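*Asks:* Following is a predicted model, sequence given first.
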Amino acid sequence: QLQASGGGLVQTGGSLRLSCAASGFTFDDKVISWFRQAPGKEREGISCISDRFASTYYADSVKGRFTISSDNAKNTLYLQMTGLKPEDTAMYYCTKDVYYYTPDYWGQGTQVTVSS
């Protein structure tokens with residue numbers, strides 16, 4: 001299972017840290033991602049992390065503002081979000097991937113709302 005948390009309502013320019021707790025598997029050698037979906041829009045892969053290659057990736061829309069990290073000892077994924085904008089308003093999901101931004105398992109989402 002993947003359970004995301006940490007969403008909420010924040011003003012433009014504010015920060016939030018999302019967490020995603022995993023159970024039933026470990027992050028070892030896995031690719032784990034954050035996706036988001038805004039109302040009326042398609043799901044967007046915004047960041048992923050590869051444990052095997054110790055690499056991270058970001059969509060242009062969040063690059064420089066969001067930071068993905070993981071604590072393998074706690075089996076928890078994080079997304080530190082700064083400089084939030086109204087267009088960041090969406091439901092955010094963490095996923096376990098078979099390849100970068102190619103999920104085979106979706107967790108429950110957490111809502112992020114950025115007010116202008």
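*Replies:* Now that the structure is in, tell me what you want to look at.
*Asks:* Would you map the strands across the chain?
*Replies:* 2-5, 8-11, 16-22, 31-37, 44-50, 55-58, 66-71, 76-81, 90-99, 102-106, 110-115 (DSSP state E).
*Asks:* so how far is Gly8 from Phe53?
*Replies:* Distance, Phe53 to Gly8, by CB to CB, to the nearest Å: 32 Å. No exception for glycine: its C-beta is placed from N, CA and C like everyone else's.
*Asks:* the more surrounded of those two?
*Replies:* Legend: neighbour count by other CB atoms under 10 Å for Phe53 and Gly8, higher for Gly8 (13 against 9).
*Asks:* Enumerate every residue touching that one.
*Replies:* Taking CB atoms under 8 Å, 6 or more residues apart in numbering, we find Gly8 in contact with 16, 111-113.
*Asks:* same question, Leu9
*Replies:* Here Leu9 is in contact with 113-115 (CB under 8 Å, 6+ apart).
*Asks:* swap in Ala4?
*Replies:* Neighbours of Ala4 in contact, by CB under 8 Å, 6+ apart: 18-20, 92-94, 107-110.
*Asks:* which residue is nearest the centroid of the chain?
*Replies:* Centroid check for the chain by CA atoms, centre = their mean gives Trp34 as the closest residue, at 2.8 Å.
*Asks:* So what's the predicted local confidence for that one?
*Replies:* At Trp34, the model reports a pLDDT of 97.
*Asks:* hey, what's it bridged with?
*Replies:* Under DSSP bridges, the beta-bridge partners of Trp34 are Ser47, Cys94.
*Asks:* Please list all residues in contact with it.
*Replies:* Trp34 is in contact with 18, 20, 45-48, 68, 77, 79, 92-95, counting by CB under 8 Å, 6+ apart.
*Asks:* roughly how far apart are it and Lys41?
*Replies:* 15 Å.
*Asks:* cool, Asp97 as well?
*Replies:* Distance from Asp97 to Lys41, by CB to CB: 21 Å.
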